[in-house]
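In: Using only what follows, build the 3D model:
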Amino acid sequence: MAGANTRAVYDQFEMTVTAVADLSAHLRRVTFQAPEFAGFGLTGPDECFGMLMPPPGAALTMPGEDRINVRAAIRAMPSEQQPDVRWYTVRAHRPEAAEIDVDFVLHGDAGPGTRWASNAAAGDRVGFRAGTSGYRAPDGGRVLLAADETALPALGAILEQQPEQRRHVFAEVPDESYRVPLDADVTWTFRGTNVPGAALTAAIQGANLSTVDYAWVCGESGLATGVRRHLVKDRGIDRRAVMFSGYWKVGSARV
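Out: Sure thing, here's the model as predicted:
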């Protein structure tokens, strides 16, 4: 697989909700503030982080600063204090205001992250655990980007931060109501009752693509591996030029 970006120190701190805005019926933007964001550095456009959410009805207790494994640090805490952790994309970073924006795809009560985001309000406090990023397209060349609804925030950030990149962009969402404005010519596909990735893979298989020098494929686990398999086996793209990541998996709790 294509290599990911890295960071030397995985910062961990608390952050406070300062604003909440609904961008669509299924997408909610939450703005967070923390003094540490003034000096925080992103490793790439699809920067991810772990959000630590307190148990229902309890105050946030941060785990010990295990720089290697945050989940191990959480397991070491008393059970009644253990926060849930889910991973999200930094949609925008404004160091001058010490703020970040995070876009949450809402799935009702499908998981702790979407439950929290559905009820988020100014003043709420959650934890931030730094992560890394995966997008490392070479200078020049042509890029293929493919995402489902959970990866749309990361896709949007890549498109905004890499505006001059030559690219093919594909997205699969459950239905028309999940579409969001993106700064690119996007081939939209709709999942309906099909398994995740079926519509997206078919669209890519049928596309008359020019040379692809790098691919970034993120979303449901089967979608990511299926598209990657097509690119490598059917189109002959070097596996080391394909970054793919499963953001969720059918049958498992949604973020």
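In: any idea where the helices of the stretch 51-200 of the chain begin and end?
Out: Ranges of helices within the stretch 51-200 of the chain are 70-75, 112-118, 152-161, 198-206, based on DSSP state H, counting those that start in this stretch.
In: how about the CA coordinates for the longest one, as PDB?
Out: Taking Å, rounded to 0.1, in the frame of the first residue of the first chain, the C-alpha atoms of helix 152-161 are listed here in PDB:
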ATOM      1  CA  LEU A 152     -16.700  12.900   2.100                       C
ATOM      2  CA  PRO A 153     -15.100  15.300   4.800                       C
ATOM      3  CA  ALA A 154     -11.700  14.000   4.000                       C
ATOM      4  CA  LEU A 155     -12.400  14.100   0.200                       C
ATOM      5  CA  GLY A 156     -13.600  17.700   0.500                       C
ATOM      6  CA  ALA A 157     -10.400  18.700   2.400                       C
ATOM      7  CA  ILE A 158      -8.200  17.100  -0.200                       C
ATOM      8  CA  LEU A 159     -10.000  18.800  -3.100                       C
ATOM      9  CA  GLU A 160      -9.700  22.200  -1.400                       C
ATOM     10  CA  GLN A 161      -6.000  21.800  -0.400                       C
END
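In: helices and strands around that helix, which ones?
Out: strand 84-89, strand 99-105, strand 142-148, strand 166-173, strand 214-220 (3 or more Cβ pairs under 8 Å, 6 or more residues apart in numbering; DSSP states H and E). Where you see a C-beta, it was placed from the backbone N, CA and C, and this is true even at glycine.
In: buried residues in the shortest one?
Out: Buried residues in strand 84-89, defined by neighbour count with 16 or more other Cβ atoms under 10 Å: 84, 85, 86, 88, 89.
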